[in-house]
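A.B. asks: One predicted model, sequence on top.
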Amino acid sequence: QVQLVESGGGLVQAGGSLRLSCAASGRTFSSYAMAWFRQAPGKEREFVAAISWGGSTTDYADSVKGRFTISRDNAKNMVFLQMNSLKPEDTAVYYCAARTDYISSFPGDYTYWGQGTQVTVSS
C-alpha cells in the first residue's frame with residue numbers, strides 16, 4: 001500500500017513558476033514508478049510527466065516538454081514537479097500517481113493516487 005499526498009499548488013500569474021511535491025508513505029517507495037496527471041474542469045484526466053523507480057527514465061507530455069521537470073528523492077519518499085513558464089491552459093487539479101511497473105502515460109495503469117492539488121494560472 002502507498003498513500004500519496006500532494007502539496008504546492010496555488011495561484012500564479014502566467015509566466016510564473018510553481019513546484020509541486022508528492023509525499024509517499026510505505027517502505028517500498030523506491031520500487032514504484034511515479035507520475036503526475038492533471039484534470040481541468042470538464043476535461044479528462046491527462047498525463048503530464050512520469051519517472052522510473054530509480055529516476056533514470058522520464059517521460060513528458062508534449063504540452064509541457066521544456067517547461068516542466070519531474071524528479072524524485074527516494075531517501076525522502078518524495079516526488080516533485082517543477083513547473084516553469086506556466087500558461088493559463090496549465091490550470092487544473094494535479095494528481096500524483098504510483099504503480100509497481102514501468103512508467104506509463106495511461107492513468108488506468110496506475111494503482112495509487114493522491115487527492116490532488118489545485119494549480120491556477122491567471123493571464
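C.D. replies: Thanks, I have it.

A.B. asks: contacts and neighbour counts: CA atoms only from here.
C.D. replies: Noted.

A.B. asks: hey, where'd the strands end up in this structure?
C.D. replies: 4-7, 10-13, 18-24, 33-39, 46-51, 58-60, 68-73, 78-83, 92-99, 112-113, 117-122 (DSSP state E).

A.B. asks: Which strands or helices does the shortest one pack on?
C.D. replies: Under the contact criterion of 3 or more Cα pairs under 8 Å, 6 or more residues apart in numbering; DSSP states H and E, strand 112-113 touches strand 92-99.

A.B. asks: what's next to the strand it packs on, contact-wise?
C.D. replies: Here strand 92-99 makes contact (Cα atoms under 8 Å, 6 or more residues apart in numbering) with 2, 4-6, 22, 32-41, 109-120.

A.B. asks: most centrally placed residue in this protein?
C.D. replies: The chain has Trp36 as the residue nearest its centroid, 2.3 Å off, counting by Cα atoms, centre = their mean.

A.B. asks: quick one: that residue and Ala98, what's the gap?
C.D. replies: Trp36 sits 9 Å away from Ala98, going by Cα to Cα, to the nearest Å.

A.B. asks: Same question for Ser52.
C.D. replies: Relative to Ala98, and taking Cα to Cα, Ser52 is found at 10 Å.

A.B. asks: Tell me which of those two has more neighbours.
C.D. replies: Taking neighbours as other Cα atoms under 10 Å, Ser52 and Ala98 compare with Ala98 leading, 28 against 23.
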